[in-house]
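Trainee: Need a 3D model of the sequence below.
(one chain, ligands or ions: 1)
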Amino acid sequence: MTEISKLIHGNMSKLHERIKAEQCPFCGAEKNVIIYDSPEIDGVDALQACSCIDCEGEWTEAYRFHRVLLSDETGKFHVILMD
Ligand SMILES: [Zn+2]
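Mentor: Numbering: from 1, shown residues only. Coordinates of the predicted model:
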C-alpha cells in the first residue's frame, strides 16, 4: 500500500481537518511552509499544484468558479452568482 493509500484509508477525518485548516495533508505543517503554484484555469475549474517544504509532499487543490465580485466607487461589493 502506498503512503497516500495509507493516509486516505487510515484516518480520513484527520485528512479532512488538515485540508480545512490549510495545512499540508501529509504532515500537517502550517500553510507558511506550503508553496502554491499559479492556478491553471479550465472553464469553471481551477487546479493549483501545491507542495510542502517540510515533508516534500505534493498535491493539487481543485476549485470551481461560482461568483464574480464587482465593486463600485464606494468599494462596496456586489456579488453575481453563476449557475
Ligand atoms: Zn508536509
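
Trainee: State the number of residues packed around the closest residue to Glu22 other than its chain neighbours.
Mentor: What sits nearest to Glu22 in space, not counting adjacent residues and going by Cβ to Cβ, 6 or more residues apart in numbering, is Lys31, at 4.4 Å. Quick note: C-beta positions are derived from backbone N, CA and C, even for glycine. The criterion is other Cβ atoms under 10 Å. On that basis, Lys31 has 12 neighbouring residues.

Trainee: Roughly how far does Lys31 sit from Glu61?
Mentor: 11 Å (Cβ to Cβ, to the nearest Å).

Trainee: show me where this protein has strands.
Mentor: Taking DSSP state E as the criterion, the chain contains strands spanning 34-36, 40-42, 45-52, 58-64, 67-71, 77-81.

Trainee: Now Val68. Nearest residue, chain neighbours left out?
Mentor: Ile80 (4.6 Å).

Trainee: any idea how far the one you found is from Glu73?
Mentor: For Ile80 relative to Glu73 (Cβ to Cβ), the value is 18 Å.

Trainee: Quick check: residues of this protein near the ion?
Mentor: Cys24, Phe26, Cys27, Ala29, Cys52, Asp54, Cys55, Gly57 (Cβ under 5 Å from the ion).

Trainee: which of those residues are buried?
Mentor: Buried members of those, counted by 16 or more other Cβ atoms under 10 Å: Cys24, Phe26, Ala29, Cys52, Gly57.

Trainee: between these, which is nearest Leu15?
Mentor: Phe26 (9.3 Å; Cβ to Cβ).

Trainee: where does this structure dip in pLDDT?
Mentor: Along the chain, the model assigns pLDDT under 70 to residues 1, 83.

Trainee: For it, which residue occupies the most central location?
Mentor: Glu61 (4.0 Å; Cα atoms, centre = their mean).

Trainee: Quick check: that residue touching Gln48?
Mentor: Yes. If you go by Cβ atoms under 8 Å, Glu61 and Gln48 touch, sitting 4.7 Å apart.

Trainee: Find the residue closest to Cys27 in space, skipping its chain neighbours.
Mentor: In space, Cys27 is closest to Cys55, 4.0 Å off (Cβ to Cβ, 6+ apart).

Trainee: Alright, I will stop here.
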